[in-house]
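Peer 1: curious how this folds, go ahead:
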Amino acid sequence: MSSDDPFASPQAGLEPEASTDPADEAKRRLMLRTETAVRAVGLTYFMLGATVTAVAAGELAQFKVSGGLINGLLRLAAGVLVILIGYGLRRLSPAARWPAIAASTFGLLQFPLGTAYHLYVLILLLTPKGRTVLSRDHAALIDRTSTLRHPPMSWRVAAVFLLLLAYLGYSVVERVKAPLRRLPVTEQATPG
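Peer 2: Alright, predicted model coming up:
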């Protein structure tokens, strides 16, 4: 084609993308499902932290903190901390691994759904694949193989995500209903 042709396709001058090492791609493909699972856990931590923070902030704003001001501030701080852990897990940051393990250890006390979910998180983060995904070497591997995409979410991850979402909804409803149970019931006068 001639450069004078007004109907010619524009030439952007883009060079072909640099090829990656097949060994790096193979290593990364082995870890893609674990990466997806850790990122899903990060999303649920982020949502849980946002819920706790919103509830604590609402109670503090209305001065209706059960347990006092210190308890409300501690809940607010815990919510922000869980948001930060979730953000770190979403980014596959190595610094988020041990705080997530500590938070999941405390989460085991939230019987029954919290126990099951946090047991899953602990197994995920303490296995060799979980350690590898949240390592500095793996972060460099992700940079070298940035063209690889994550597989779609598996039914197991989706089920855990939905269970956690149901648990969050139940917790928020119970949290809102608890103060209403303490309100005195006024008796209505019967017509006489």
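Peer 1: run a quick neighbour tally on residue 73.
Peer 2: Neighbours of residue 73 under the rule other Cβ atoms under 10 Å: 13. No exception for glycine: its C-beta is placed from N, CA and C like everyone else's.
Peer 1: distance between the helix or strand hosting it and the chain's centre?
Peer 2: According to DSSP states H and E, residue 73 maps onto helix 69-90. Distance of helix 69-90 from its chain centroid, counting by Cα atoms, centre = their mean, to the nearest Å, is 13 Å.
Peer 1: in it, which residues are buried?
Peer 2: In terms of neighbour count (16 or more other Cβ atoms under 10 Å), helix 69-90 has its buried residues at 72, 75-76, 78-90.
Peer 1: what is the next helix or strand after it packed up against?
Peer 2: Counting by DSSP H and E, the next helix or strand C-terminal to helix 69-90 is helix 97-107. If you count contacts as 3 or more Cβ pairs under 8 Å, 6 or more residues apart in numbering; DSSP states H and E, helix 97-107 packs onto helix 22-62, helix 69-90, helix 113-126.
Peer 1: and helix 97-107 with helix 69-90, angle?
Peer 2: Per axes from the mean of the first three to the mean of the last three Cα atoms, to 10 degrees, the angle that helix 97-107 makes with helix 69-90 is 130 degrees.
Peer 1: roughly how far apart are the closest residue to residue 46 other than its chain neighbours and residue 71?
Peer 2: The shortest distance from residue 46 to any residue other than its chain neighbours is 3.2 Å, reached at residue 86 (Cβ to Cβ, 6 or more residues apart in numbering). Residue 86 sits 23 Å away from residue 71 when distances are taken as Cβ to Cβ, to the nearest Å.
Peer 1: next, residue 7: secondary structure please.
Peer 2: Following DSSP: H, G, I helix; E, B strand; the rest coil, we place residue 7 in the coil state.
Peer 1: mind checking which of the helices and strands packed on helix 97-107 is nearest residue 145?
Peer 2: helix 22-62 (4.5 Å; Cβ to Cβ).
Peer 1: show me where the chain dips below the pLDDT cut-off.
Peer 2: Within the chain, the stretches with pLDDT under 70 are 1-3, 11-19, 63-67, 151-153, 176-192.
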